[in-house]
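Q: sequence plus the predicted model coming up.
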Amino acid sequence: MVRTQVPVRVAIGTNHIVVATTAVLASVVHVFGGGLVGGHTMDLATTPWNIVV
């Protein structure tokens, strides 16, 4: 980060955005795409709210 002349604060903020986006994408795939990859599927009607969140 120092060698690329990018401020550390900007680099840390960008890293958090990437991590948050990846987490949201993974949770969406986990909830809705489980049947497509042959994994398990979650039924939102029968799954407790604290597991979905």
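A: Now that the structure is in, tell me what you want to look at. These numbers were taken from a predicted model, which means no experiment stands behind them.

Q: where in this protein is pLDDT low?
A: Applying pLDDT under 70 to the chain flags the ranges 1-3, 32-53.

Q: elements contacting the longest helix along the chain?
A: For the chain, the longest helix by residue count, based on DSSP state H, is helix 8-32. Applying 3 or more CB pairs under 8 Å, 6 or more residues apart in numbering; DSSP states H and E, we find helix 8-32 packed against no helix or strand. Heads up, the C-betas are built off the backbone N, CA and C, glycines and all.

Q: rerun at 10 Å
A: In this structure, helix 8-32 packs against helix 49-52, with contacts taken as 3 or more CB pairs under 10 Å, 6 or more residues apart in numbering; DSSP states H and E.

Q: okay, now Ala20: neighbour count?
A: By other CB atoms under 10 Å, 10 other residues sit near Ala20.

Q: how far away is Gln5 from Ser27?
A: 35 Å (CB to CB, to the nearest Å).

Q: for these two, indicate the residue with more neighbours.
A: Each of Gln5 and Ser27 has its neighbours counted (other CB under 10 Å); Ser27 has more, 12 against 6.

Q: kindly provide the distance from that one to Val19.
A: Ser27 sits 13 Å away from Val19, going by CB to CB.
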